[in-house]
Structures are given as C-alpha cells and as structure tokens.
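>>> dropping the sequence and predicted coords here.
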Amino acid sequence: MKELLRVLLPLLVWLASFSAIYGLHGLGCALGWTEVALPVTSLFRWVLFLAWTATIFFQLLLLLALRTQRFGTTSSFIRRLSITNSWTALIATFWTLYPIAVSSTCG
Amino acid sequence: MNALRRHRKLQAIWASDPGWKGWTSSVNHSDLGRMFLFTAFFFFLVGGVLAMLIRAQLATPDSAFVDAGAFAQFFTMHGTIMMFLFAIPAFEGLAIYLLPKMLGTRDLAFPRLTAYGYWCYAFGGALLLVAMLFGIAPNGGWFMYPPLTGPLYSPGINTDVWLIGITFVEISAICAAVEFTVSILKYRAPGMSLDKMPIFAWYALVTSLMILTGFPPLILGSVLLEVERAFGLPFFQADLGGDSLLWQHLFWLFGHPEVYIIFLPAAGVISTVIPVMARTTLLGYGWIVASIMALAFLSFGLWVHHMFTTGIPLMGLAFFSAASTLVAVPTGVQIFAWIGTLWKGRPELHMPMLHILGFFVTFVIGGLTGVMVAVVPFDWQAHDTAFITAHLHYVLFGGFVFPMLAGIYYWLPLVSGRKRLFRLGELAFALIFLGFHSTFLAMHWVGLLGQRRRIETYDAETGWGTINFISSVSSFVMAIGLALVLVDIIIHAFVAERSRRNPWQAGTLEWAGMSPPASYNFASLPEVSDRTPLYDTPDLANRLAMGDGYLGAPKAARRETLMVDAASGRPEALVIYPGNTRLPILMAAMTGGFFLSILLKLFWFTPLALAGVAALALVWVWQLGARADQGLQEAGRGAPLPLASEGDRSPGWWGSIFLLVANATFFGSLLFGYAFLWTVAPGWPPAQWFVPSWAELGFGTGAALTGAVAQHLSARRNRAGAALMTALVPALLATAATVVVFGLMLFRLPPPDGHAYAATLLVLGAYGLAHALLVMLMQGFLILQVRRGYTSPRRRAAFAVVALWTDYLAAITVLILLAVHLPGMIM
C-alpha cells in the first residue's frame, strides 16, 4: 500500500491542487476579490498567484523527498516510477495552473 | 500424482455445473468472461444496426425514412449502447477472461461478484432493449442534458429508462473495477513483483481505478435527475435554486475519463500484441506505466473542455484548454514506445497486426482533431456539429474497436484452441478500414460546412446531400466488413482445425496453460522471475502441468489460490474460493426488482426489494465463515501459509477499501454539487435555512466517533481473546444513535421541493442515514457471528472490515452534519 501511495501521491497532489485552485477562483469571483486593490495587483490575482507558486513549491519538495532514502523506496522500479510521476505532476502543475498567473478575470 | 490425474481432480473441483443451467450458477472467470464478451458484442451488433438506420435516414436530403421521434431514440440508443453496453463491458469481459491467466492465478479475487456484475449488466441492458422494442427508449441524447430531460420537457418514461437502466449497468462496472484492482494487486503468481507484471495488467489496474473514481459522479447525477423527475426535487431547475450546468459538470466528470477508460484497455491490448508481432520485448515498459498513470490523472482535469460553449468564465476556458493540450503528451509517449518496439523488432504482418496498423492511422487522426477542439476558438465553431461526431468516432473506433479486433484475432487460438481457416479476416479488415475512413472523413467535412449533430434531416439547398450519401454508403461497407469478422469467428469456432499451444510464441503466462484453458487455469501456480516467463522458461507449461509449482496437490473440493504482497509478489496467504452458486443471479434479479420498482413507480415494492438484497447479501457473507481455526496451510514448495480469512487484511478488507474509494468519490461529488449550486446557481440564498442545533451537531458527531472507537476496541479485544459484547454492543448503540440523528435531521428539513438547497440537504441526510443503517446491519451481523462461534483471535477478518465501514460512517457523519448545520449558524 505504501508503494502504491509513493507512486500515486504526486499526481494526487496535482489533482487536489487543480480542484482547489479552480474552487478558489470561483470563491474569489463570488466574494468580489477582484475589487480589493493591493500593491501591484488585486487581492484576487495575489491569492491565485500565491496558491500556484505554493503548489509548485510543494511539488518540488515532494520530488526531492521521493529521491531521499527516508521517503523513497528500495525497489528501483517503484523509485523510478514515483520520480517520473513526480516530474509529471510538477510540469502539469506549472502548465495547467499557469493561466492563473496571466489571467485573472471573472467574466 | 501424474499430470492427467491432477487435471481430472482439479477439473472436478473447479468445473461449472454441466449444461445450460451451469450458466446461471457458474462463478468461473473464463465462463463469465466469455458471457460478458458475447453479450457485449451482441449489443455492438444492435448498436451497429441503429447506426445503419441513422445513416439511412441521413443519406438523402428531406428524408422521410423515420420520423424525428424515432430518430431521437435511434441516436440516443446508439450512443448509449456503444458506450455503456459495448465498450466498457467488452473491456470487462476481456479482462475477466485474461487477467487471472496473465497473472498466473486461478481466478479473480471475488468470483461471485464477477457473476453478480455480469447479471446486473445483462438485466440492465435487457431493460434498455425492451424499452426500445416498446418504443419508449431514451431520446434525450446519450448525455441526457437537462432541462431537455427534465420533467417539463421530457414527461414520458423514456428518460427514466436511461437513468435507471444505466445506473443498474454501472453497478456491474463498479463490481468489475473492485474485482480487478484487488486481483491485480493481490492475486498474482509468486515472485511477480510490480515491475514483472504483464503490461496489460497495468492498463487494467489504472482503468479500474479510473472507473472507481469516474463513474460515481454520473451515478450521482443520474440519482439527482431521477429524484427530480420522480419527486420534484429541483436540482437542475434554475427558478428553484438549481442549475442545469450541474448535470453537465457531473456528466463530464465521468464522461471525459470515460474516453480514457475505453482507450486504456485497448492500448493494453496493443502494448501486449505489438512486441509479440515484432518478435521482441516492449520498449520503455517503465515509461509506458508512468504515462498510463499520467494519462489517467490528467484526464480528470479536462472535463470542462466539453463545456466550452456553455458560457463558463474565461479563466476556466484557459485552465482546461491548457490541461487538454497537456494530455496529448503521455498519449504520445505510448505511441512512440509502440513505434520504437516495431523499429527494434522484426514485425510480421499477421492478422492482429493489420488491425493495429488500422488503429495507428485512425487514432492519430482522432488525436489530432482532439487537439484542434481543445483550442477554445475552434471549439466554439465546431461544437455540436458533425465534425465532433466524426472526431469522437475516430477516437473511439480507432482507439477501441481496431485494438479489440486485433485482440480477438490474437487471443482467438487461446480461447478456441484452433487456428484460422480462411483469409476472410483480411478482406473484412480492408472493408472496415476503407468504409470507416470514407464515412467519417466525409462527416468531418460536412460538419465544417455547418451540419449540426442529431438533426433528423436537412434541406437539399444546404449542399450536404452528396457528402452524406458518400458517408452513408461507406458506413454500409464498414458494416459488411464487421459482419465478415463475425462470420470468420463463427467459422473459426466450429470448423477450424486444432492449433498448437502458443502459436504466436508469446512470453506471457496466459499461453502457459491449455488451449482452450482448463477451468482452473494452472495445475500448479508458477514462480515468476521475469516479465515474459515463457521466454525465460520455455518448458514452463509442462512443468506446471506436472505440479512443479505452488498448490500442485489439489485438496478435496477446495478451490485454492494464493494471495501475495502487492509490491514484491511474495506469497502471503492461501485463499479458498466459494463454489458454484445461483446467489449472484438471484441478487442481481432482486437488485433489478429495486430499480424496476422505481421505474414503474411501484414504491411499495422498493423497501421489499432492498430487504431482499440485504438478506441475500447476509447469506453471501455468512457462507464465507468457518467455525474452527484452520491454522497454517501447506501451499507447496515448502511454504506454509495462513488462510486469507484468518488475518486483518482479508480479500474482503481489500475489496472494501476500493469500494469505499468509489463511495467517497460519490460523496465528494455530492459536496461539489452543493458548493456549485451555492456559488454558481441563480436563486440563492434560499428563503428558508435549516434551523441549526448545537445539540444535534454535537450528539451526532459524538455518536459517530464513539461508534468507530468502540468498533476498533472490539477488534482489539478479539485479538486479545477478551469478552467482546462490552465493545460490540456500545458500537451498535452508537450507530443507532447516528441513525436517530439523521432521521431527526430529515424530519426537520425545509420542504425539499421548494429549493435546491433543501433538496441537497435531503440527499445528504439520506446518504448518511443509508450508511448508518448499513453499518448497523454489519455490526448486528458481526454480533451474530460472534455468538455462533464464527470468530476467534485468529478468525478476525470481519472485525477489520466492519471497522473500515464504521470509520467511513464517522467521517461522513461529521462532514454531513457540518454541511447541514453550519450554514444556518453563519447566515
């Protein structure tokens, strides 16, 4: 079960962050965060941007953790698979949540 | 014991009952796999005839071949049959038949569940067919969008037939998915670690996990729409706080992964067949496994690309458009791995290879038009035109039918033990390939000219007549090709001469048994040290027949196999399967009675049917019990093993884990629907909130948590050999208190037909109540087992299973109570 978790965890985190940030976008629009001005840009853009960078950071940590002896595995196949999936999740996080960094409309 | 005596002894233990009556009591995976495949291809035939009727109607402008009403039933049933009654069950049938043989075991994890799934599928499919014969088939399109399918615009029974029939059939898919997941992880040949699994098993594992998480949103949507139609609860009615877009979200949360649920098993066939046809091994095994997983996950982030024209926020468009383009990458990895495998090997152009080449051409074109429609501005132009119909046929026919035909020709010698007689298959392939491309290339074209989907006719002035005529004639050419495949298989099955074992010289274990396979698959179970054991040990088949493996000494009337560690494949426990029984067909009939009672509004029968299902389920589980400890068992090769039922991690525990994954997805989808309606639907906030109560919230939470703790305590006391009732009875009472809390909550709700808010709370409460009653039933059953001597510190499997469900009840109770009480407190 632990081996299965190692393999699936990065992609599960991507799925969770994908859903959470999409939900956050809906919440921000509903609560009018676009109207709240902060330095540089609105509260809405800041929240989404920070959520995106935090998710990337977390995926990076996961990638590094899976390479260590403490969190990694002795099976070379599972190790390779979990690290490949971790890279996939990192790229997917960057790419699929990237529109948040450049687009923050509610319309 | 010589090989022949061993065969006769095993055959006597494992064989299904003789004659046609044996069909109703068989729990053997080979029998049920064949029955699944036969039924699925029967539905393929029906769906194909409907397609021909559709093309006949569209062949000429202003056609009066059928009226608009019949045409609506035709295209709805065509899509429904192909998606739900052909594609998924064909995968299930293939996997049920092949997986145990490939994995080096004797059957799937839950043979009776396989049979139950088959009968649910057969009865549910029959319901839809009977409705079609009576002219009351579903007519709202295969994705059943409300408000068209709501009570106002579709007042007849047609939509109900779809909602209830498909939900019934989906039980079968969930059963199969649980079955495959547990079988692949725990029922393999000793030594078969995850990296030595046949690639098809990886595809089946990922597909099964996708079914477990992809189907529940549709089941929820179907339940909500049926409840709206039957009782007026307004989940999809905008004037009462509902939103028809909720249906689209729930449908496509299922619908897009569904595309990959259909494609991945077919890709598994390709990854299995290509290396054999190319006389080499699969290139990039690890990369392919990683890309299957990436594909599965990414496919859950794409559903909104089916909704680009619904007016969702621009942000959402960018979000899902990005994910839609990304999913092409893991698909590309697999395509390149297959090309690389062909490149490094020496490909031979046998019959399966022809269909694989057909797949390559067709699927790549379908993938490219998929990238086109993933781009939002293009999708806005092409949406709901024949271009989309053509695209989806390229993906589904290219990505599923061609690989399935390749698989049929590849495994036919295994199933029948014969070799092909005539060269009819080559002619059939040519007709199918040319017919398909002419039909659907033309359809792309006419779609770009503006022809919408689902129109029953068009004017001659549109200029679409010639293109449609070409498309229709070509579709008949394709149909003739498919009919020839059927003729080829019938000739093969009845006339062809005997084939030698393993005619393709493949390396995987399904070819290590007899052809046609014996009911027990392997006389003894192999020890595996390689991904292609037959290349490593060419005389493996003979050695297994002579008993040179695990479980080579059959014991009287015991159907035995091994359970292994999921990662390493180390033998862990001995499994004893139940024998032939008609319990599955009876339970499927009773389940059908439940669904029919709702369809025909015979609500007095609904609780009786439910009670019948519960009673049969109790008999089902009771039969697994034993009144004495068995201890360590001899499994051969000097490996004494405990029984799987004498430990915490029994097959039932593993099955419950994955069933709960599906259940939790259903619940999560319900919470998503609640949040969606709250934030997006018009007509919120509701006029009347549920009156919150700190006492009920606290009491309910306390009861649920107490139940879970007491249940775990009982498991611990059982292991220690202490008195059990002091923990089991409080656990039961705590669950009973949870039932009371949910009952009270339902009693105090605002009128559920007045607003989607109250309607959603009703469903949340009913979900919690149903689970509380289910856990009470389990706990009562466990108490009965304890009192009758069916448990001991060693026979403790039931405690772990009930504890899992009690934990789940505690979690959902807390979440439901918070979702129901908090809004009233805050607002």
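Nice, I can see it. None of these values were measured; they are calculated from a predicted model. Numbers count the residues shown, from 1 in each chain, chains lettered A, B, ... in the order given.
>>> not counting its own residues, what contacts the strand or helix carrying B:Leu396?
Here B:Leu396, judged by DSSP states H and E, is contained in helix B:386-396. Residues outside helix B:386-396 that contact it (Cβ atoms under 8 Å, 6 or more residues apart in numbering or on different chains) are B:82, B:87, B:259, B:262-263, B:362-363, B:365-367, B:369-370, B:372-373, B:382, B:436, B:439-441, B:443-444, B:446-448, B:451-453. C-beta: built from backbone N, CA, C; applies to glycine.
>>> just the buried residues of these.
Buried subset of the contacts of helix B:386-396 (neighbour count, 16 or more other Cβ atoms under 10 Å in any protein chain shown): B:82, B:87, B:259, B:262-263, B:362-363, B:365-367, B:369-370, B:373, B:382, B:436, B:439-441, B:443-444, B:446-447, B:451, B:453.
>>> among those residues, name the ones in helices.
Taking DSSP state H as the definition of helices, the buried ones among the contacts of helix B:386-396 contribute B:259, B:262-263, B:362-363, B:365-367, B:369-370, B:373, B:382, B:436, B:439-441, B:443-444, B:446-447.
>>> picking up where we left off before, just the C-alphas of the next helix or strand after the helix holding B:Leu396, formatted as CSV.
As assigned by DSSP H and E, the chain's next helix or strand after helix B:386-396 is helix B:402-416. Extracted C-alpha coordinates of helix B:402-416, given in CSV (Å, rounded to 0.1, in the frame of the first residue of the first chain):
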residue,chain,number,x,y,z
PHE,B,402,-9.5,-1.7,-34.0
PRO,B,403,-7.4,-2.8,-31.0
MET,B,404,-10.3,-5.0,-29.8
LEU,B,405,-10.4,-6.7,-33.2
ALA,B,406,-6.6,-7.1,-33.0
GLY,B,407,-7.1,-8.7,-29.6
ILE,B,408,-9.8,-11.0,-30.8
TYR,B,409,-7.6,-12.4,-33.6
TYR,B,410,-4.6,-12.6,-31.2
TRP,B,411,-6.3,-14.5,-28.4
LEU,B,412,-8.8,-16.5,-30.5
PRO,B,413,-6.4,-19.5,-30.7
LEU,B,414,-6.2,-19.4,-26.9
VAL,B,415,-10.0,-19.3,-26.4
SER,B,416,-10.8,-21.9,-29.0
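>>> if you count neighbours, what's buried in helix B:402-416?
B:402-416.
>>> and the helices in chain A, which stretches?
Under DSSP H, chain A gives helices at A:2-31, A:43-67, A:76-96, A:98-102.
>>> residues near B:Pro751, how many?
When counting by other Cβ atoms under 10 Å in any protein chain shown, one arrives at 10 neighbours for B:Pro751.
>>> that one touches B:Leu761, doesn't it?
No: with contact defined as Cβ atoms under 8 Å, B:Pro751 does not reach B:Leu761; the gap is 11.1 Å.
>>> what is the burial count for B:Thr466?
Neighbours of B:Thr466 (other Cβ under 10 Å): 12.
>>> and it, which helix or strand is it part of?
helix B:465-494.
>>> which strands and helices sit next to that helix?
With contacts taken as 3 or more Cβ pairs under 8 Å, 6 or more residues apart in numbering or on different chains; DSSP states H and E, helix B:465-494 sits against helix B:29-58, helix B:402-416, helix B:424-448.
>>> distance between the second one and the chain's centre?
So the one you mean is helix B:402-416. From the chain centre to the centre of helix B:402-416 is a distance of 21 Å (Cα atoms, centre = their mean, to the nearest Å).
>>> can you list contacts of the following helix or strand past the helix holding B:Thr466?
For helix B:465-494, the following helix or strand on the C-terminal side (DSSP H and E) is helix B:533-536. With contacts defined as Cβ under 8 Å, 6+ apart, helix B:533-536 is touched by B:104, B:502, B:506-509, B:511-512, B:526, B:529-530, B:540-541.
>>> what does stretch B:430-449 give?
B:55, B:358, B:362, B:369, B:382, B:385-391, B:393-394, B:397, B:405, B:462-464, B:467-468, B:470-482, B:484-485.
>>> and stretch B:496-509, by the same measure?
So stretch B:496-509 is contacted by B:101-104, B:189, B:198, B:200, B:272, B:276-277, B:279, B:281, B:350, B:410, B:413, B:416-421, B:511-512, B:514-515, B:526, B:528, B:531-536, B:541 (Cβ under 8 Å, 6+ apart).
>>> go on, stretch B:709-729?
By Cβ under 8 Å, 6+ apart, stretch B:709-729 touches B:730-731, B:734, B:779, B:782-783, B:786, B:791-793, B:796, B:799-800, B:802-803, B:806-807.
>>> include mean pLDDT when you put the helices and strands packed on helix B:465-494 into JSON lines, please.
Conversion of the helices and strands packed on helix B:465-494 to JSON lines gives the following (pLDDT from 0 to 100):
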{"stretch": "helix B:29-58", "mean pLDDT": "97"}
{"stretch": "helix B:402-416", "mean pLDDT": "95"}
{"stretch": "helix B:424-448", "mean pLDDT": "96"}
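>>> where does chain B dip in pLDDT?
B:313-316 (pLDDT under 70).
>>> okay, which residue is most central for it?
What sits nearest the mean C-alpha location of chain B, by Cα atoms, centre = their mean, is B:Ala173, with 2.9 Å.
>>> helix, strand, or coil at that residue?
helix (DSSP: H, G, I helix; E, B strand; the rest coil).
>>> pretty sure it sits against B:Ile211.
Yes: with contact defined as Cβ under 8 Å, B:Ala173 reaches B:Ile211; the gap is 5.4 Å.
>>> so what's the closest residue to chain A within the stretch 301-450 of chain B closest to, chain neighbours aside?
Residue nearest to chain A within the stretch 301-450 of chain B: B:Ala318 (3.6 Å; Cβ to the nearest Cβ). Excluding the flanking residues, the one nearest B:Ala318 by Cβ to Cβ, 6 or more residues apart in numbering or on different chains is A:Pro99, at 3.6 Å.
>>> residues touching residue 27, list them.
Defaulting to chain A. B:Thr679.
>>> let's do chain B instead
Per Cβ under 8 Å, 6+ apart, neighbours of B:Val27: B:16, B:107, B:111-112, B:114-115, B:577-581, B:584.
>>> quick one on the thing from earlier: the residue nearest to B:Ala318: how many residues sit nearby?
For A:Pro99, using other Cβ under 10 Å, the count is 22.
>>> now A:Ala37
9.
>>> gap between B:Gln292 and chain A?
Heads up, residue B:292 is Ile, not Gln. 11 Å (Cβ to the nearest Cβ, to the nearest Å).
>>> which of the contacts of B:Val27 are buried?
Judged by 16+ other Cβ under 10 Å, buried ones among the contacts of B:Val27: B:16, B:107, B:111-112, B:114-115, B:577, B:579-581, B:584.
>>> among these, which are located in helices?
B:111-112, B:114-115, B:584.
>>> between those residues, which is closest to B:Gly332?
Top of the list for closeness to B:Gly332, among these and by Cβ to Cβ, is B:Thr114 at 35.1 Å.
>>> for the closest one, what are its contacts?
B:27, B:29, B:32, B:96, B:108, B:175-176, B:179.
>>> try it again at 6 Å.
B:32, B:96, B:108, B:179 (Cβ atoms under 6 Å, 6 or more residues apart in numbering or on different chains).
>>> again with B:Arg531
So B:Arg531 contacts B:Lys196 (Cβ under 6 Å, 6+ apart).
>>> from B:Ala290, how far out is it?
16 Å (Cβ to Cβ, to the nearest Å).
>>> and B:Phe180, by the same measure?
20 Å.
>>> quick one, which of these two is more surrounded?
Just comparing B:Phe180 and B:Ala290: by other Cβ under 10 Å the higher neighbour count belongs to B:Phe180, 27 against 23.
>>> part of a strand, is B:Ile312?
No: assignment of B:Ile312 by three-state DSSP gives coil, placing it outside any strand.
>>> and it, how many neighbours?
17.
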